[in-house]
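Colleague: Here you go, sequence then predicted model.
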Amino acid sequence: MSIPDVSSLSLVSQSSSEHDEQEKDNLAILLDRYKDKLSKFPKEKGWMGQDFYMYQGFWYTSENAFSIETMMAVQESFQGHSTDIYVITQPKCGTTWIKALVFAIVNRTKYKNIKPSDHPLNISNPHKCVPFLETEIIAKSFPANPPRLLASHIPYNALPKSIIDSSCRIVYLCRNPKDVFVSWFHFANKLKDKSRTPMTTGEMLDVYAKGFMPYGPYWDHVIEYYKASSEDPTKVLFLTYEDMKIDTASKVKRLAEFLGYPFTKEEVANGVVEEIVTLCSFENLKEVNKNGDLFTGIPNASFFREGKVGGWSNYLTKEMSQILDDITREKFQGLDISF
Ligand code: A3P
């Protein structure tokens with residue numbers, strides 16, 4: 001069997017280069033396990049001309065780390081624990097940022113006395129600090145000690161039962177779908193695999209609106225986590241990128257409380273909250289990650305573009321904006337979700 005091309009489609013990974021070959025082999029075995037199942041699912045051409053498969057209401061690519069196969073493998077074989085912390089997003093909603101914040105909050109005592117330049121977030125990509133379930137199921141290496149900090153793009157209802165049924169914590173971050181769209185558009189153009197022809201905004205709007213994107217439709221993903229958070233706010237914290245931007249410090253405090261790591265009065269007085277905000281700021285993380293690649297060949301720098309709210313207005317025509325607004329209004333009708 002040929003080794004599937006993981007380099008072009010995987011969004012990130014956390015393994016060092018010496019493990020690449022092993023991981024490619026692991027992925028090939030995993031893909032082989034599910035290959036007979038794919039023909040049963042509805043299929044459409046979507047983002048970047050890729051084949052997308054519909055499973056349990058969502059669209060997935062195939063033959064890469066963030067695929068229908070890895071999602072099914074996670075569903076079947078990952079065992080969640082009540083002490084786990086999950087960071088869940090749709091791609092391009094600020095995954096890298098929220099991973100950094102959760103990592104910094106939970107590990108602040110551990111790294112209290114080290115030189116700032118030695119902090120893991122000042123050395124490596126947040127995707128290495130908080131690995132994805134989707135890539136760890138390939139690497140077969142999950143964090144050993146509680147709390148396990150893990151991330152995923154998997155929709156709520158597709159999560160393994162052990163996660164849904166446990167008293168773990170889930171932090172969910174979403175973002176204005178118009179900024180998500182534009183962020184996807186630029187990310188696609190930065191992918192190193194130049195054999196794929198980048199899409200125009202018009203072509204992308206067509207597939208984005210239909211949901212033919214990794215883990216799409218965007219809106220349905222948000223709704224599942226919004227409802228899960230409404231049903232049990234102690235289990236799922238629902239955040240928006242826009243709110244995080246308005247007052248990051250107060251959201252960091254909220255996050256810390258939710259995760260069971262509240263800041264003491266002394267920490268607040270000593271500026272620990274602000275230190276975390278600065279450590280995880282767009283400017284700092286962009287600087288730390290200006291060189292190097294994740295093993296998938298995606299440059300670290302590609303996760304840091306503008307980091308702003310409302311940048312969509314520079315890229316979308318009035319008509320495009322209207323199309324996305326109409327979908328958002330219709331899908332979120334009756335729900336208290338705004339950006
Ligand atoms: P833009 O493309 O709009 O700039 P993800 O991490 O889910 O892939 O999302 C990437 C988006 O988050 C990019 O948005 C990126 O610039 C932004 N981002 C990355 N790090 C950030 C940070 N520390 N603070 C705010 N935004 C950040």
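Modeller: Structure's in. What do you need? Numbering: from 1, shown residues only.

Colleague: number of nearby residues for Thr248?
Modeller: 20 (other CB atoms under 10 Å). C-beta here means a position set from N, CA and C on the backbone, and glycine is covered the same way.

Colleague: nearest residue to it other than its sequence neighbours?
Modeller: Excluding the flanking residues, the one nearest Thr248 by CB to CB, 6 or more residues apart in numbering is Val277, at 4.9 Å.

Colleague: The one you found reaches Lys251, doesn't it?
Modeller: No - using CB atoms under 8 Å, Val277 is not in contact with Lys251; the gap is 9.2 Å.

Colleague: quick one on the thing from earlier: in which helix or strand does the residue nearest to Thr248 reside?
Modeller: helix 272-279 (DSSP states H and E).

Colleague: Show me which parts of that helix are buried, residue by residue.
Modeller: Val272, Val273, Ile276, Val277, Leu279 (16 or more other CB atoms under 10 Å).

Colleague: Please see if that helix touches the ligand.
Modeller: No - using CB under 6 Å from any ligand atom, helix 272-279 never reaches the ligand; the gap is at least 9.5 Å.

Colleague: Flag every buried residue along whichever helix or strand comes after that helix.
Modeller: Moving toward the C-terminus from helix 272-279, the next helix or strand (DSSP H and E) is helix 282-288. Buried positions in helix 282-288, judged by neighbour count with 16+ other CB under 10 Å: Phe282, Asn284, Leu285, Lys286, Val288.

Colleague: picking up where we left off before, closest to Gly211 among the buried residues of helix 272-279?
Modeller: Using CB to CB, Val277 comes nearest to Gly211 of those, at 34.0 Å.

Colleague: Can you tell me how far the closest one is from Lys45?
Modeller: In this view, Val277 and Lys45 are 42 Å apart by CB to CB, to the nearest Å.

Colleague: For Asp5, give me the pLDDT.
Modeller: Asp5 carries a pLDDT score of 34 in this model.

Colleague: cool, and the one 3 residues further on?
Modeller: According to the model's per-residue confidence, Ser8 sits at a pLDDT of 35.

Colleague: Equivalent analysis for Ser195, please.
Modeller: You'll see Ser195 listed with a pLDDT of 64.

Colleague: returning to that earlier point: now for the helix holding Val277, which elements pack on it?
Modeller: If you count contacts as 3 or more CB pairs under 8 Å, 6 or more residues apart in numbering; DSSP states H and E, helix 272-279 packs onto helix 95-106, helix 248-259.

Colleague: Tally up the residues packed near the nearest residue to Phe339 once chain neighbours are set aside, please.
Modeller: The shortest distance from Phe339 to any non-neighbouring residue, by CB to CB, 6+ apart, is to Asn176 (3.7 Å). Using other CB under 10 Å, Asn176 has 20 neighbouring residues.

Colleague: Contacts only, for the residue lying closest to Ile123 once chain neighbours are set aside.
Modeller: Excluding its sequence neighbours, the residue lying closest to Ile123 (CB to CB, 6+ apart) is Val288, at 7.2 Å. Counting by CB atoms under 8 Å, 6 or more residues apart in numbering, Val288 makes contact with Leu121, Asn122, Ile123, Ser124.

Colleague: go on, Ser281?
Modeller: Going by CB under 8 Å, 6+ apart, Ser281 touches no other residue.

Colleague: and the gap between it and the ligand?
Modeller: 6 Å (CB to the nearest ligand atom, to the nearest Å).

Colleague: Check Glu76 too.
Modeller: Taken as CB to the nearest ligand atom, the span from Glu76 to the ligand is 26 Å.

Colleague: Wait, a helix at that residue?
Modeller: Yes - membership of Glu76 in a helix is supported by DSSP: H, G, I helix; E, B strand; the rest coil.

Colleague: What about it, how many residues nearby?
Modeller: 11.

Colleague: Just give the closest residue to it, not the sequence neighbours.
Modeller: Excluding the flanking residues, the one nearest Glu76 by CB to CB, 6+ apart is Pro160, at 7.9 Å.

Colleague: Tell me the residues on the stretch 51-200 of the chain that lie near the ligand, please.
Modeller: Residues of the stretch 51-200 of the chain that fall close to the ligand, judged by CB under 6 Å from any ligand atom: Thr89, Pro91, Lys92, Cys93, Gly94, Thr95, Thr96, Trp97, Asp179, Ser183, His186.
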